[in-house]
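# Give me coordinates for this.
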Amino acid sequence: MTRIDNAKVMVVDDMPNNLRLLDKMLTGSGYDVSCFPKGAIAIKSAKKHPPELILLDINMPEMNGYEVCKRLKADPELAKIPIIFISALNNTEDKIMAFKSGGVDYITKPFKFEEVEARIQTHLKIEKLTEKLEKHNEDLEDRLDQKSRELKEANERLMILDKAKSDFLTQISHELRTPLNSILGVMKMLLDNECKSVSSDIVDMFEGSKEKLLSIINDATLLTQIKVSQNSFSRENVALRPALQRAVQTSSLKEKGRSLDYKQIPEDISIYADRTLIDKAFESLLRTALLLSSESCSMQFSCEETKHKNSKLLLLKLSVKGQNIPEAILPNFFSEFGHGQTISSEGDFGLDPALTNRIFQINDARIEAENTKDGVDFIITFSENSIIKENG
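Purely as a prediction, here's the structure:
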């Protein structure tokens, strides 16, 4: 940093010779100097015309240098002015007292002017740099406050947008259902009236298509709601075995001649999740497994607790005997558009895999599929945050 010229320096010393000497030296070096023989007068002047630096003697009548320094530092308007003590006192105790009272430096008399000016320049530069740093910090705080306000406003706009999306989805779902229900109602009336001439296969095909279409609409609506409002779902302790029992009832396993064995799941294990959503995830998973399973097969759930990097994990595996998932599709099987081709002769998977995956994700779990020699294993990994042992 370059030399600071024309700085305002105040000198306070009760010895006229010292005042004249310092005044002459400092003025000759380009400083704007003001000299005072008493501390009280110096303080009064400093309040009216604050200097940039003060050279202060210690031994003075009426008010010594320590007291002058303390009073200057007690005034918020003057507290930042650097004060250099300049005194004949050379004891360590005197120097310590000088620094405790607020001084930034100490020069012992007799002195060399080169040393005095070097210290003056050093502390003037430090003060200038401190002022710049404080100004920079103030600017940063202002910018941070501005960014915080902008982020808050943006977040509020996003919340409004999310609500609008949710309302829009609800409306779209309603608008789709209304004409669809009318069409389905008319078709059912036609089939009922022509029941003698229409084969049962056509009736079954109609009923199956109707249920599939309604299921896709429901799943698409739920999947989008999860994306839009993923933090608005409530979580609670959900016992694992009863959740699987409910999924069996809603997934048509029995109607399709399949069964589910979950005896290996301990009764004391619960997961911390949104109950409605986790029930839906297990239902969708079983419907997916149903399409891959062979006739009359028994699907089996098994459970294992393990650790990874000192974190406890719960591995829940659903083993399904039947067909494999094509290797080209396997990595993206749980994405929304991960299987463009028909894999199972039983029908399309619809949105069940994607919905299953998304629900597990927002409940601190993940799902993967692995081909085995006689079918597929679905492996759900629950993180430590979502594992609860009721009796543990």
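
# CA atoms for contacts and neighbours, from now on please.
Fine.

# wait, G375 sits on P326?
No - counting by C-alpha atoms under 8 Å, G375 sits too far from P326 to count as a contact (11.2 Å).

# neighbour count winner among the two?
G375 (18 against 12; other C-alpha atoms under 10 Å).

# quick one: contacts for that one?
292-293, 319-324 (C-alpha atoms under 8 Å, 6 or more residues apart in numbering).

# tally of neighbours for the closest residue to S298 other than its chain neighbours?
The shortest distance from S298 to any non-neighbouring residue, by C-alpha to C-alpha, 6 or more residues apart in numbering, is to S259 (4.8 Å). By the measure other C-alpha under 10 Å, the count of residues near S259 is 17.

# from what I can see S259 touches F301, true?
No - with contact defined as C-alpha under 8 Å, S259 does not reach F301; the gap is 11.1 Å.

# Could you measure from D261 over to R246?
Applying C-alpha to C-alpha, to the nearest Å, the value for D261 to R246 is 13 Å.

# gap between the two ends of stretch 267-284?
Using C-alpha to C-alpha, the two ends of stretch 267-284 sit 22 Å apart.

# which residues sit against it?
Taking C-alpha under 8 Å, 6+ apart as the rule, stretch 267-284 contacts 233-241, 243-244, 246-248, 250-251, 352-353, 355-357, 359-360, 363, 385-391.

# Among the contacts of G375, which lie within strands?
319-321 (DSSP state E).

# so what are the domain limits for this protein?
8-111, 233-389 (the TED database).

# Tabulate these (CSV), appending distance to R119 and mean pLDDT.
Below are these laid out as CSV (distance: least, C-alpha to C-alpha, whole Å; pLDDT from 0 to 100):
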stretch, distance to R119, mean pLDDT
domain 8-111, 8, 94
domain 233-389, 57, 87
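
# where exactly do the strands run in the stretch 201-350 of the chain?
Taking DSSP state E, counting those that start in this stretch as the criterion, the stretch 201-350 of the chain carries its strands at 236-239, 259-261, 269-273, 298-308, 311-321.

# One more: the stretch 1-150 of the chain?
According to DSSP E, counting those that start in this stretch, the strands that the stretch 1-150 of the chain contains are 8-12, 32-36, 53-56, 83-87, 105-108.

# which outside residues touch the second one?
Right, strand 32-36. Counting by C-alpha under 8 Å, 6+ apart, 6-14, 19, 23, 26-27, 42 sit against strand 32-36.

# Show me what it pairs with in its sheet, parallel or antiparallel.
strand 8-12 (parallel) (DSSP bridges).

# which residues are contacting the partner strand?
By C-alpha under 8 Å, 6+ apart, strand 8-12 touches 19, 22-23, 31-39, 42, 51-57.

# Can you tell me which of the ones in strands among the contacts of G375 comes closest to K128?
Closest approach between the ones in strands among the contacts of G375 and K128, by C-alpha to C-alpha: S319, at 73.2 Å.

# Nearest residue to that closest one in space, please, no chain neighbours.
Using C-alpha to C-alpha, 6+ apart and skipping the chain neighbours, the partner closest in space to S319 is D377 (4.5 Å).

# Whatever helix or strand that neighbour lives in to strand 311-321, inter-axis angle?
Taking DSSP states H and E as the definition, one finds D377 inside strand 375-382. Going by axes from the mean of the first three to the mean of the last three C-alpha atoms, to 10 degrees, strand 375-382 is angled at 160 degrees with respect to strand 311-321.

# ok now strand 375-382, how far from the chain's centre?
Taking C-alpha atoms, centre = their mean, to the nearest Å, the mean C-alpha location of strand 375-382 is offset from the chain mean by 30 Å.

# Send me it as PDB with only the CA atoms.
Extracted C-alpha coordinates of strand 375-382, given in PDB (Å, rounded to 0.1, in the frame of the first residue of the first chain):
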ATOM      1  CA  GLY A 375     -37.200 -65.100 -11.900                       C
ATOM      2  CA  VAL A 376     -36.600 -61.700 -10.300                       C
ATOM      3  CA  ASP A 377     -35.700 -60.300  -6.900                       C
ATOM      4  CA  PHE A 378     -36.900 -56.900  -5.900                       C
ATOM      5  CA  ILE A 379     -34.700 -55.400  -3.200                       C
ATOM      6  CA  ILE A 380     -35.900 -52.500  -1.100                       C
ATOM      7  CA  THR A 381     -33.200 -50.800   1.100                       C
ATOM      8  CA  PHE A 382     -34.500 -48.700   4.000                       C
END
